[in-house]
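Novice: Using only what follows, build the 3D model:
(chains A, B, C and D)
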Amino acid sequence: MKLTDLEDRAEVILRRYEEPKAAMLPLLWLVQENQGHVSPEAEAWVGRLLGVSITHVREVVSFYNMYHTEPVGRRELRVCTSLPCRLRGADGLLERIRSSLKISPGETTPGKEVTLTEVECLCACEMAPMAQLDERFVGPFPPQEKEAIETLIQDALSEPGGPEATPEPEPYICSDGPVLSTRFKDPTGTWLEAYTADGGYSAARKVLTSMTPAQVIEEVMGANLRGLGGAGFPAGKKWSFIPTDSARSKYLVVNADEGEPGTFKDRYILERDPHALLEGMLIAAYAIGSHKAYVYIRGEYFRPAQRLQRAIDEAYGRGWLGKNIQGSGFDLEVVIHPGAGAYICGEETALLTSLEGGKGFPRLKPPFPAISGLFGCPTIVNNVETIACVPFILRHGAARFSEIGTATQGGTRLFCVSGHVVRPGVYEAPVSVTLRELVEVAGGVRDGKKLKAVIPGGISAKILTADEIDVAMDFDSLRGAGSMAGSGGVIVMDESTCMIEALESAARFFADESCGQCSPCREGTGWVHRIVHRITEGRGTFQDLDDLLAIAGDMEGKTICVFADAAAWPVQSYITKFRDEFEEYIRNGRSGRTRRSEEDEACPV
Amino acid sequence: MAVKAVQRRELTFWEKLYIPQIICGLKITSTHFFRNLFLHTAHLLGRLKNVPASVTIQYPEERRPLMSRYRSRHRLTLREDNSPRCVGCMLCETVCPARCITIVPGEHPDPDVEKYPIRFDIDLGMCVYCGYCVEVCPEDAIRMDTGILDLAAYSREAMRLDIHELMGPKLRKPISDCSLEFPHICASADGEMKGGWDSVPRSKGS
Amino acid sequence: MPSLTIDGREVSVPKGTTVIQAAEKMGVFIPRYCYHPGLSVAGNCRICLVEVENLPKLQVACNLPVTEGMVVHTGSEQAEDGRRAVLEFLLANHPLDCPVCDQSGECDLQNFYMNFGLYDPRFREQKVKKQKAVQLGPHVMLDQERCILCSRCVRFTDEITKTGEIGIFQRGDRAKIGVYPGTELENPYSANVVDICPVGALTERAFRFKARVWYLSSAQTVCNGCSQGCNMDMHYVLDRPHLNEGARVVRVKPRYNPDVNQWWLCDEGRYGLEWIDKARLQEVRGPGDTANADTNSGKATWEQALGAISKSLAEWKAEDVGARIGVIASAKLTNEELFLIREIFRDALGAQVSAWVPEDPGTCDEFLVKADKNPNTRGATLLNLTSPDAPEAERIVDEALAGNIDLLWVFGYDLVEGFGEQKVRELGEKLKLFVYSGTNENPTQALAHWGLPSAAYVEKDGTFVNHHGRVQRIGRVFSPLGDSREDWRILLELGGLLGLQLDWRDPQEIFLGLADAETAFAGMSYGTIGDQGVEVACTKPTEGVTAPW
Amino acid sequence: MVEILLIKLVVAGLVFAAVLNLAGFHTWVERKQSALIQDRIGANRAPIFGFTMLGMFHGVADVLKMFTKEDIVPDRADKVLHTIAPFFSVFFALVAFAAIPFGPPLHLGDRVIDLQVAKIDAALLYVFAMLSLGVYGVILAGFASRNNYAIMGGLRATAQMISYEIAIGISLIGVIMVYGTMDLAELVRAQGQLLGGWVPFWGIFAQPVGFIVFVTAALAETKRLPFDLPEGESEIIGYFVEYSGMKFGMFFLTDFLETIVVASLATTLFFGGWQVPYLTEDGFLFPWGGQLPVQNWVYVLLGVASFSIKGLIFCFLFMQLRWTLPRFRYDQLMNLGWKGLFPIAVINVVVTAFVLAFLGGSS
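Specialist: Residues are numbered from 1 along each chain as shown, chains lettered A, B, ... in the order given. The predicted structure follows:
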């Protein structure tokens, strides 16, 4: 489709945003969807539409992983090789696909059928090892299941849009916890009727009709709701920072840029209970006086975005969004903003920069977003899960919520358990649950192997050894245990795991995803990865371990955002807790456990 | 400074007479003289060759081995493709206390090399052989290990070595005849060495 | 006015000041790469880390607003450790090719590394390979490997020129600076990115490999390229003439002046100085011994030239018909020289004097580049040497052609360009005495009876008044080339030969005389002008500094 | 008359050629001798058609070099004096030889030819006059150069000359007293006598102290080590510092000529000149009564050889001394001259006078 034919649709997109530049990512998506890649002409076209120099368009295009500057195949097969997938055999999967398609990651088959890419976490770790064929998640594909992989490759080589033989993934959903996951099992529960039938939007109605914003904030504060994106900052307190006397418009931004390896909870909410999120957003927007809300969804979440968009359209249709909601006089517009493959955009200020149409560079604080955020206006950024908790609080009262959890953190969390467990998946549990209980709920370590270590809060969190897992999963307990609750991604490793290769995977992730703004992070992540990679190639020295610790220490606390710290923690914890294993690896030049190079499908990683 | 007084030995009468002392001296010198005269004569006749008569080393036929750190005439080391290793950083020109090095750098066709010397002259007439240029060179591009010691010329101009001579220590001929592999073949200077001291108007202010 | 303590000393600064500014104000220099006072704060280089009491982490001084009672340590062990760590990271992928880098010697990375560096590098991995020697535009070369991604250049093109040519592509340690493929960094201020680049990533093509910076000497001057009068430092090398093919001026760098050019300089001014060393008039040329007085084929001495000219002038004076003398001065001369011309020719000899020469306006923009390419038009106006107080040059030429003027002296202005060769040739034949004094060879000089070599503006002291009315000293950088002499010296000698009472010996004294005579300059001296200049008393706010800051 | 003139010319030519060649030869000797003393090899290059002759051609090369070298006259020098000075030096050194007899009279047919260029009655006075005049060359060179070091050298030379001239003169008074003549030919002939029938009546035996004083002072006259203060290469360079080319060469030559003059004088005065012990005009007359008659030409040849060998031995000795002793300090030089040699010489004269008086004209 020609660029000139896209002008009308571009116009529609541009109208959604306060500033034209903010339409950068959607416009680039528009171009890529219609032309397959972002050509220089398209960059010029986008730049002209947005009033931005072409250099800056190219900056953005080159920053995000998902934009192609060169023509690619008709279909795209993205294979996740992040830690949770690798623990379950992603390397074998990738190897099979490579040998079958005879192309390396980053290449396209000669017939332009399919482009193979190796991607960082697609946040579907419960179906690891998995892949994404165009917009569809597929998995799991244990390397030994050769037929399933062959089927996937056949699908990949077929024309897009046709019937596909690979079945829909069937994740194990056992969760029907009290707050967030009550409706996950019901495949029809995403519709507005079903939601209202389950008592949905009653809290919103109550808030809009009978409560003042201050009362709402009071209620949320009382519930001890913490930011569940990872930082754990009390949500109500954050809302209270919004200046009430400011005449400038205020924004609510929902962070659905789930990207932390080992985390996939937001996807469940977006896919299976989008109206809960919308209701939460409505309440939150009311509380902070915002009339415009953005949901920043990561680019890989095609179906979650579609589900949410469907819910939004429904809500507009029923008067739950738009002007004068349910006659209350309160207006709220919700816009879905797609990301394009940058983990750093999960950081709240990077998310705002990205939303404004730039590269996902975190911003200097001060000023904080609550004072000067999106387009320079007061802005609240909250995680999907946090917002999704809000309707429960308003419906059942703060006390009910807070008593589920601990003294400092109320409610439940969606814990994403992945790795070497029998039943990977999302489990809702009160935050007071211990890590050991979680592992047991997920079926324990698979194949009867012994537990070796657990990462409690996504790949950034410091690792806990098998002896340290009797710890409650709330923010403060885990901090006390020397780790963090993070995004709730619990990655379980059994005794067959090689910690060096696990660290290499983590280091590669951080080197790949560093935004490159601050020098310690930009250079440090790459440096760490190169050293760890060298060790895995059998060329390590004992000095490397001390260097790694020193570099990690130097990276900590010197950057704009906490990405560098997050990159440093795994290095520090893996090396300090498993130093013997590292030294043995360096001495032998290889793992004492299993070697990747061997065709050992039973023992991935 | 501490001053230490040394007591001179009082001369004896015989010493004061001089003459016996002079004779003693003459005895020493004469011993050497006649011994060597005898030996030289014997050597001429092909005898007693194994008894040395002198410590002289007959340079240029005989040469003492040079110490490995001896600083002889300079040379520019080459890369594998016979182009100079020099990257034209001018550190040697900077450090040279005699200011005998003249470098005019130019843009190398290979961006990884970036700079290379269009011109690299060393005026041996000014050089003090301190070896700082060798010390300072970050590329090991200049060395003083040619072992060439006999540096004489009939004019000051001839004491000036250009890059061709420094790269091939035997070469001394006009640039147009040069067959050395240069990245530029002097092309960037139209086949000529540019920016000579002579072509430069002297400023009064300097 | 919050007051804070930096390194044990207390200072009060206006609200909103950042720690780096406060420290600078009290003379504590905090290292910086990304921070530039003329640009927005990016805070990404992290080198300006300081320790602040009661804050758990090190803070970047460039983005830390001062608060009352804040206690800052810039040199504490924690801060130094942090800086050392940051430096190590910056150098991790830096190619360390200082020896071939043009920035070497004035490189902040080099300097700070020498101060804080870990001299034994721990980085033993393969460095990220990026492009070297990329031609960004007509004036700028890029070396992506040396870049530390401070983004100063990006912010410069975004915020100052608003052209946005430069960007940072990719992310992580693959991030690299560049322009969009196929485009160039081509704006009238492009070379400024070289000045602000703290490392050797951006280098000037004109200066590339010309000289090592430690060979350069520096002197303060102002640009004479247009009536803005931007302050600059002229870098020159006199003792290694092989480096620059004999030219003395190697490069110029802008000098900070908040009221004129801030930190910037346009490319036109920066690269318009070749004439100082090329095609200069270096010897006095006169009629020589030949009877034909219409040519200046012969070489002469200053004594012969000034003797002959003053004799002619004295004759005219004796006959008291001064109006038959015409002088076409130039707004490229200094105030002192214009003043001397006025004193000698207009007041003492009664000549027609004009500094108002026809000239096509050049390029201009709303920032620094002005259409009037003469540096001292305003000064000539203040001295009443432009219309309506003085005749236009055109009228003087017309009168000369009509036979009403017998003696014409042209200062620097190329008559052939303004009036055509035919007219000037005619002038040469008609006039009894036709003197040209100027810096460079041009057709007019060849047609005058006497061609006097005068010093370039950087070879003499004096003052210019910029379009906004700011009096600035130009400063003397070199001694005059060859036989050339400063115009004021020529004029003073001529005045002496004419028997005039001119008690000044140098521009400084002339200026004092000028300050006495002209109310606009009243009370000024070189001392009060200083480095940054002062505004004249009757500044008319014609067109202010309409810069986009 | 013409014949006499011709004969004199031939003799003069012979002396001239011999002396100059010897001087040239000296440069080689000096190189080689010093080399042998110092365990070196010395000059061994400068081949002519492949022959190096133990480096003897270096002297030739030196001369060629000096002739072809640029002749520099300092800007502010007195051009005339500067040019004349070296000729002065060489000239007076050469003419001193005129009075020295180098062999017994040669009988050629019925003609008797004195092997002496000029037969002068007061030849001794003449020789010393000439040698004293030689210092003018040095002083002129020093002054004409307008160089402080040159002047210093010239002054040193003057003072040294004066100091040692006196010692020489007085030391020779003894010789004159003993032999009663100032004619060198006579003096040599007088030394032909035998003392007590066995010992030749040579000056060395008659005047041992006089000999030592003479040799020491004469060495000082030659301005060679250890008395080379006027030159003093290591401190002031000396009077010829502003000379180059052959003019310098002439000073150089003078050095050697003077050495030869002094050697010849020492031979003549103290070692019997051309006398061979026990050889008379008629042949050998040994004290034990043996006889060996010789032809006149053999007698003359032996005389000349004797003179030459004695002279060469002195040359060798002087050279050996030059490479043995270090230079005197100036105060030592003056002390030696005035406080050492001068009183010794005077005492020697007195003692000689007494001895002669006691012996009562036994000679």
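Novice: Let me see the contact set for C:Glu274.
Specialist: C:Ala247 (C-beta atoms under 8 Å, 6 or more residues apart in numbering or on different chains). The way it works is simple: take the backbone N, C-alpha and C, and place the C-beta from them, glycine included.
Novice: I meant to write C:Pro188 there.
Specialist: So C:Pro188 contacts C:161, C:266-268, C:363, C:365, C:367, C:369 (C-beta under 8 Å, 6+ apart).
Novice: Please identify which helix or strand holds A:Gly47.
Specialist: If you go by DSSP states H and E, A:Gly47 is part of helix A:40-50.
Novice: Skip the chain neighbours and tell me the closest residue to D:Leu94.
Specialist: Once flanking residues are discounted, D:Leu94 sits nearest to D:Leu257: 6.3 Å by C-beta to C-beta, 6 or more residues apart in numbering or on different chains.
Novice: now A:Val61
Specialist: A:Tyr67 (4.7 Å).
Novice: what's the neighbour count on the one you found?
Specialist: 21 (other C-beta atoms under 10 Å in any protein chain shown).
Novice: Next, the residue lying farthest from the centre of chain D: secondary structure please.
Specialist: Distance to the chain centre peaks in chain D at D:Gly289, reaching 36.3 Å (criterion: C-alpha atoms, centre = their mean). What DSSP: H, G, I helix; E, B strand; the rest coil gives for D:Gly289 is coil.
Novice: ok, it to chain C distance?
Specialist: Distance of D:Gly289 to chain C, computed by C-beta to the nearest C-beta, to the nearest Å: 94 Å.
Novice: C:Ala23: neighbouring residues, count only.
Specialist: By other C-beta under 10 Å, 25 other residues sit near C:Ala23.
Novice: doesn't C:Met70 make contact with it?
Specialist: No: assessed by C-beta atoms under 8 Å, C:Ala23 is found out of contact with C:Met70, at 11.4 Å.
Novice: can you pull the contacts of the residue nearest to A:Val61?
Specialist: So A:Tyr67 contacts A:28, A:32, A:37-38, A:61, A:340-341 (C-beta under 8 Å, 6+ apart).
Novice: For ChimeraX, write the selection for the buried entries among those.
Specialist: A single ChimeraX command selects the buried members of these (16 or more other C-beta atoms under 10 Å in any protein chain shown):
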select /A:28,32,38,61,340,341
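Novice: pLDDT wise, what is the residue of the stretch 1-150 of chain A found nearest chain C at?
Specialist: Nearest residue of the stretch 1-150 of chain A to chain C: A:Ser53, at 3.2 Å (C-beta to the nearest C-beta). A:Ser53 is assigned 93 on the pLDDT scale.
Novice: so what's it closest to, chain neighbours aside?
Specialist: C:Gly164 (3.2 Å).
Novice: wait, is that neighbour part of a strand?
Specialist: No: applying three-state DSSP, one finds C:Gly164 to be coil, outside a strand.
Novice: Model confidence score at it, please.
Specialist: Value for C:Gly164, per-residue pLDDT: 92.
Novice: where's stretch A:295-302 relative to the chain centroid, distance-wise?
Specialist: Taking C-alpha atoms, centre = their mean, to the nearest Å, the mean C-alpha location of stretch A:295-302 is offset from the chain mean by 9 Å.
Novice: I meant to write stretch D:110-128 there.
Specialist: Worked out by C-alpha atoms, centre = their mean, stretch D:110-128 lies 16 Å from the chain centre.
Novice: Next, the buried residues of that stretch.
Specialist: For stretch D:110-128, the neighbour count (16+ other C-beta under 10 Å) marks D:113-117, D:120, D:123-124, D:126-128 as buried.
Novice: Could you give the secondary structure assignment for the closest residue to chain B within the stretch 101-250 of chain A?
Specialist: As assessed by C-beta to the nearest C-beta, chain B sits closest to A:Gly106 within the stretch 101-250 of chain A, at 25.1 Å. Using three-state DSSP, the structure places A:Gly106 in coil.
Novice: Same check on B:Lys49?
Specialist: At B:Lys49, secondary structure determined by three-state DSSP is coil.
Novice: In space, what's closest to it - neighbours in sequence excluded?
Specialist: Closest to B:Lys49 by C-beta to C-beta, 6+ apart is B:His43, at 6.1 Å.
Novice: What's the nearest residue in chain D when you look at chain C?
Specialist: D:Asp75 (29.2 Å).
Novice: For the stretch 451-600 of chain A, what lies in contact range of chain D?
Specialist: Contacts of the stretch 451-600 of chain A with chain D, taken as C-beta under 8 Å from any C-beta of the partner chain, are absent.
Novice: Could you check how far C:Asp108 is from C:Asp195?
Specialist: Distance from C:Asp108 to C:Asp195, counting by C-beta to C-beta, to the nearest Å: 12 Å.
Novice: Show me how the record splits chain C into domains.
Specialist: Using automatic domain parsing, the domains assigned to chain C come out as C:3-92, C:124-209, C:284-535.
Novice: what's near enough to touch D:Leu219?
Specialist: Applying C-beta under 8 Å, 6+ apart to D:Leu219 gives the contacts D:226-227, D:262, D:318, D:321.
Novice: and if we set it to 6 Å?
Specialist: D:Phe227 (C-beta atoms under 6 Å, 6 or more residues apart in numbering or on different chains).
Novice: Does it belong to a helix, a strand or coil?
Specialist: Assignment for D:Leu219 (three-state DSSP): helix.
Novice: Show me where the stretch 301-450 of chain C has its helices.
Specialist: For the stretch 301-450 of chain C, applying DSSP state H, counting those that start in this stretch gives helices covering C:302-318, C:335-341, C:377-382, C:393-401, C:415-419, C:421-430, C:443-447.
Novice: JSON lines for those helices, including mean pLDDT and mean neighbour count?
Specialist: Compiled in JSON lines, the helices of the stretch 301-450 of chain C are given as follows (pLDDT from 0 to 100; neighbours: other C-beta atoms under 10 Å in any protein chain shown):
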{"stretch": "helix C:302-318", "mean pLDDT": "86", "mean neighbour count": "17"}
{"stretch": "helix C:335-341", "mean pLDDT": "94", "mean neighbour count": "27"}
{"stretch": "helix C:377-382", "mean pLDDT": "91", "mean neighbour count": "26"}
{"stretch": "helix C:393-401", "mean pLDDT": "88", "mean neighbour count": "20"}
{"stretch": "helix C:415-419", "mean pLDDT": "87", "mean neighbour count": "19"}
{"stretch": "helix C:421-430", "mean pLDDT": "88", "mean neighbour count": "16"}
{"stretch": "helix C:443-447", "mean pLDDT": "87", "mean neighbour count": "20"}
